[in-house]
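> Any chance you could fold what I've pasted below:
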Amino acid sequence: ILGKWSLSSLFDHGFRRTLPASEYLESFKGSLAARMHEIREEGLRIHTHLQNIHSTLQVSRGEPAWRQFVLHLSSKVVDILREATVASLASVSNMIDPSYISVHSLPPIIESRLELAAPDVLFDPPLSKSPHGEGLADIVESWIKASLTVPASLKRLDAPQGDYSEEVCQDVSVASSVASVRTLTEEVFGQCNDIRDTYI
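Sure, this is the predicted structure:
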């Protein structure tokens, strides 16, 4: 299940090729939509299995033993979602970590050119966020957001409404992983700006 709920394969270096930002975003959105559909279907199957167990046992939903069983399953779902989300964010870090990319001899995934626009030297697309959402900062945030969307895609087992987003996204390990990705992004962008400054 961890493999199914993690988005790591979307950030897998194995299929990477360098693309313009707009083309990459279009491809990523399509892949993400397909994966989220699979995750929602998996969630529905879990609910169906739970319903089948309940029908077989023919116990009251208010029975303490049944409620305890459902709470236990729900707790396991939180654990797996947390691990899957951390795994997804670790893959995001690998995508932007120069050391990881160098060690594994990986190509860049998004093309950003350094262009002279007198009197400035600019990145195209820009490192910062852009109005059309094609800045490199926009793309990194889209990876983070996608990773955090998974817990919101599964309906709770222990309540008629709601999902697992709050429990997972507020977990210390998940919050730390998000912070690490953003810190690494700032460091890499700083290195890029240092290179740009040599041409100014």
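
> Check which residues of stretch 100-114 are buried.
Using 16 or more other Cβ atoms under 10 Å as the test for burial, stretch 100-114 gives I101, I109, I110, S112. (C-beta placed from N, C-alpha, C; glycine too.)

> who touches it?
Outside stretch 100-114, the residues that touch it by Cβ atoms under 8 Å, 6 or more residues apart in numbering are 13, 16-21, 24, 93-95, 121-125, 127, 136, 139, 192, 195-196, 199.

> about what we covered before: so which of the buried residues of stretch 100-114 belong to helices?
Those of those mapping onto helices are I101, per DSSP state H.

> Tell me the one of the buried residues of stretch 100-114 nearest N52?
The closest of the buried residues of stretch 100-114 to N52 turns out to be I109 (Cβ to Cβ; 42.6 Å).

> got the phi/psi numbers for that closest one?
With angles defined as degrees, to the nearest 10, I109 sits at phi -90, psi -30.

> Relative to T48, how far out is it?
Remark: distance between I109 and T48 (Cβ to Cβ, to the nearest Å) = 37 Å.

> What of K29?
29 Å.

> likewise H54?
H54 is 11 Å from T48, where distance means Cβ to Cβ.

> same question, L19
From L19 to T48 the distance is 39 Å (Cβ to Cβ).

> V59 too?
Per Cβ to Cβ, V59 is found 18 Å from T48.

> mind showing which ranges of this protein have poor pLDDT?
Along the chain, the model assigns pLDDT under 70 to residues 1-3, 12-16.

> Report the helix of it that spans the greatest number of residues.
helix 21-57.

> returning to that earlier point: L19 and T48: which has the busier surroundings?
A direct count of neighbours by other Cβ atoms under 10 Å for L19 and T48 places L19 higher, at 16 against 10.

> Surely that one and F28 touch.
No - if you go by Cβ atoms under 8 Å, L19 and F28 don't touch, sitting 9.4 Å apart.
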